[in-house]
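S.K.: From the sequence below, what's the structure:
(2 chains)
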Amino acid sequence: KAGVTQTPRYLIKTRGQQVTLSCSPISGHRSVSWYQQTPGQGLQFLFEYFSETQRNKGNFPGRFSGRQFSNSRSEMNVSTLELGDSALYLCASALSGGGGYEQYFGPGTRLTVT
Amino acid sequence: GQNIDQPTEMTATEGAIVQINCTYQTSGFNGLFWYQQHAGEAPTFLSYNVLDGLEEKGRFSSFLSRSKGYSYLLLKELQMKDSASYLCAVNSGNTPLVFGKGTRLSVIA
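M.R.: Numbers count the residues shown, from 1 in each chain, chains lettered A, B, ... in the order given. As a prediction, the model looks like this:
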């Protein structure tokens, strides 16, 4: 069974630009969660989607948004990039939502904002 | 609020045993996960505890005390490849997992 895939793996953007990251969950998994990981803050929850609906949202500004498609693939978008948005963005898929299921992480997208 | 504490760094010798502690204060509790993350890689699942006690899985064991808000991950017969960050994460109900900042373990010869 193929694992979670994320594209692109690496990205360099300039302040003020926007970026879209993509995540394909494990086949059959309906929940996709997104996390931002930085050395100082660790893994911080961005949002969770289940059956195309956002179930939970973390404490991030409205510049961070996401969506999920009918095939469970998910995208997250960050608009008006800031230097502080430089981080590893991880997505994780699970059979169902709510945090009670083992999450399988993708390899991440390393975003650098200059 | 939600708070999860783990030591930032630990060092242990190859072949030894190391215990990584995690304390949590969350508004609810539905289970605790441990993940391993090697540098530059994605976190991978190690264990899940929902009831008090010890869960053993090969060289790795995880313990939970719900009344104390405490868990530990025990790694036996340490190998160099165990050098990684270990993340404790709590499921506090119908909400996403809350992760600790992770413990970076260095295994030395």
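S.K.: measure the residue most central in space within chain A to chain B for me?
M.R.: In chain A, the residue lying closest to the centroid (CA atoms, centre = their mean) is residue A:34, at 3.1 Å. According to CB to the nearest CB, to the nearest Å, residue A:34 stands 10 Å off from chain B. For every residue, glycine as well, the C-beta is placed using N, CA and C.
S.K.: Name the nearest residue to that residue, ignoring sequence neighbours.
M.R.: Distance criterion CB to CB, 6 or more residues apart in numbering or on different chains; nearest residue to residue A:34, sequence neighbours excluded, is residue A:46 at 4.1 Å.
S.K.: Over to residue A:5?
M.R.: That would be residue A:24: by CB to CB, 6+ apart, it lies 4.7 Å from residue A:5.
S.K.: By mean pLDDT, which helix or strand of chain B comes out lowest?
M.R.: Here the helix or strand of chain B ranked lowest by mean pLDDT, DSSP states H and E is strand B:98-99, holding a mean of 88.
S.K.: and that strand, what does it pack onto?
M.R.: strand A:42-50, strand B:84-91 (3 or more CB pairs under 8 Å, 6 or more residues apart in numbering or on different chains; DSSP states H and E).
S.K.: From residue B:71, how far out is residue A:43?
M.R.: 17 Å (CB to CB, to the nearest Å).
S.K.: ok, back up a step: pretty sure the residue nearest to residue A:5 sits against residue A:3.
M.R.: No: the criterion here is CB atoms under 8 Å, and residue A:24 misses it with residue A:3 at 9.4 Å.
S.K.: Compare those two and say which is more crowded by neighbours.
M.R.: residue A:24 (21 against 13; other CB atoms under 10 Å in any protein chain shown).
S.K.: how close does that one sit to chain B?
M.R.: The gap separating residue A:24 from chain B is 14 Å, by CB to the nearest CB.
S.K.: So which of the helices and strands packed on strand B:98-99 is the most surrounded?
M.R.: Neighbour counts (mean count of other CB atoms under 10 Å in any protein chain shown) averaged over each of the helices and strands packed on strand B:98-99 peak at strand B:84-91, with a mean of 24.
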